[in-house]
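**Student:** Sequence unavailable; structure follows:
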């Protein structure tokens, strides 16, 4: 996990809200078919990633802080996001 970081309060909030832990979401980067979009917001580039983790399509948002990926949020992918993933 040395290449990932997050705010611990945000991790707990995300786990309560979406039922997905940032720690588990790291596995999205093991999906060779994941797709990623860049989005500039609030003065920083954010990456939106759709990929599979344990047979579940996830939508992850993160930003880069130096060499680390800083997790912002993760949830189950919507139907449209899943369709985008399946058609890529």
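**Tutor:** Received it, and whenever you're ready, just let me know what you need. Values in this document were obtained by computation on a predicted structure and should not be read as measured data.
**Student:** In the protein, where is pLDDT below threshold?
**Tutor:** For the chain, the stretches with pLDDT under 70 are 1.
**Student:** To which secondary structure element is the residue nearest the centre of the chain assigned?
**Tutor:** Against the mean C-alpha coordinate of the chain, by Cα atoms, centre = their mean, the closest residue is residue 60 at 1.7 Å. Element membership of residue 60 [criterion: DSSP states H and E] is strand 56-65.
**Student:** Give me the contact list for that strand.
**Tutor:** By Cβ atoms under 8 Å, 6 or more residues apart in numbering, the surrounding residues in contact with strand 56-65 are 5, 20, 25, 28, 44-52, 69-78, 81-82, 85. Yep, even glycine has a C-beta here, placed from its N, CA and C like the rest.
**Student:** name the helices or strands packed onto the very next helix or strand once past it?
**Tutor:** Using DSSP H and E, the next helix or strand after strand 56-65 towards the C-terminus is strand 68-76. Packing partners of strand 68-76 (3 or more Cβ pairs under 8 Å, 6 or more residues apart in numbering; DSSP states H and E): strand 4-5, helix 8-18, helix 22-25, strand 56-65.
**Student:** Please give the centre-to-centre distance between strand 68-76 and its chain.
**Tutor:** The chain centre lies 4 Å from the centre of strand 68-76; the measure is Cα atoms, centre = their mean, to the nearest Å.
**Student:** could you give the angle of that strand to helix 8-18?
**Tutor:** On the basis of axes from the mean of the first three to the mean of the last three Cα atoms, to 10 degrees, strand 68-76 is oriented at 20 degrees to helix 8-18.
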